[in-house]
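Peer 1: Below is the sequence, then the predicted model.
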Amino acid sequence: MTDIFILKNSEPVSEEKAELLPRWRRRRLERLRYSAAREASLGAGLLWRYVMECHGIHPEEPVRFLQAGKPVFAQRDDLHFSLSHSGPYAMCAISDKHVGVDVQQIKPVHLSVARRFHFRERDWLADQPQNEQTSAFFRIWTRKEAWVKAVSHDQLLSLDQEDVIHGLNGWQFGEYDLEDGYMAAVCARWEEKLSAPRIVTSQELVEALNGPCDSRE
């Protein structure tokens, strides 16, 4: 089973709640200078902790980073997670097999960026009605980013390496149209069942995690 969680950070969370983050997320937060980036990173970190607690995982379970920057559990290979955030949204998936997620805002983009895609993806994008090409571009992009996160194991991958639109052997995609012009995708092994996304708000996260950190550690 691949469990999927989506946070809508409808109201800013006080940075005092950073004490609830695991050390690796606090270190990332401390490196950010701008308030919007810090707010988004804090929400994503709280979502990660919430997901871990839902699955009985200690919040300080050691995490290491692969070459491309992907965080993975350092001392276990029986459980995998992926985390992404953009604007008011964060997304996290957890599975007993490799998984990847991505969230993006659908916004104007120069479609010449698509030259980095697989040639079949480029052909598919060119065939879409002109007024739908931007959303089609982000359909490719979110799938591509989710796939890269799912399959990268200490190696860098090229965006033109695989075609994520017409099917990948052994992999499946879930796609989610979010409010306010955002889109999300998950990439999971074909044999995994994808849960319906569990939507939580920032207030619900804070309430669920409320209390001294040491009461849960």
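Peer 2: That came through fine.
Peer 1: Distance check, residue 159 against residue 91.
Peer 2: Relative to residue 91, residue 159 is positioned 20 Å away (criterion: CB to CB, to the nearest Å). All C-beta atoms are positioned from the backbone trio N, CA, C, and that covers glycine.
Peer 1: Now do residue 115: how many residues are near it, please.
Peer 2: By other CB atoms under 10 Å, the residues close to residue 115 number 10.
Peer 1: show me where the protein has helices.
Peer 2: Taking DSSP state H to define them, one finds helices in the chain at 23-30, 35-54, 119-126, 133-151, 202-209.
Peer 1: Please name the bridge partners of the residue nearest the centre of the chain.
Peer 2: Taking CA atoms, centre = their mean, the centroid of the chain lies closest to residue 84, which sits 2.7 Å from it. Counting by DSSP bridges, residue 84 forms beta bridges with residue 91.
Peer 1: so who does it touch?
Peer 2: 44, 90-92, 101-103, 145-146, 149, 184 (CB atoms under 8 Å, 6 or more residues apart in numbering).
Peer 1: just to revisit the earlier point, more crowded one of residue 159 and residue 91?
Peer 2: In terms of neighbours (other CB under 10 Å), residue 91 is the more surrounded of residue 159 and residue 91; the figures are 27 against 19.
Peer 1: what sits against that one?
Peer 2: With CB under 8 Å, 6+ apart as the criterion, the residues that contact residue 91 are 4-7, 47, 83-85, 101-103, 184, 186, 197.
Peer 1: Could you do residue 157 as well?
Peer 2: When contacts are counted by CB under 8 Å, 6+ apart, residue 157 is found next to 68, 148, 151.
Peer 1: Can you tell me how far the second one is from residue 161?
Peer 2: Spatial separation of residue 148 from residue 161 under the definition CB to CB is 9 Å.
Peer 1: and what of residue 80?
Peer 2: The span separating residue 80 from residue 161 equals 20 Å under the rule CB to CB.
Peer 1: So which of the two has more stuff around it?
Peer 2: When residue 80 and residue 161 are compared for neighbours, residue 80 comes out ahead with 21 against 12, by other CB under 10 Å.
Peer 1: The more buried one is in contact with residue 100, isn't it?
Peer 2: No. Using CB atoms under 8 Å, residue 80 is not in contact with residue 100; the gap is 9.1 Å.
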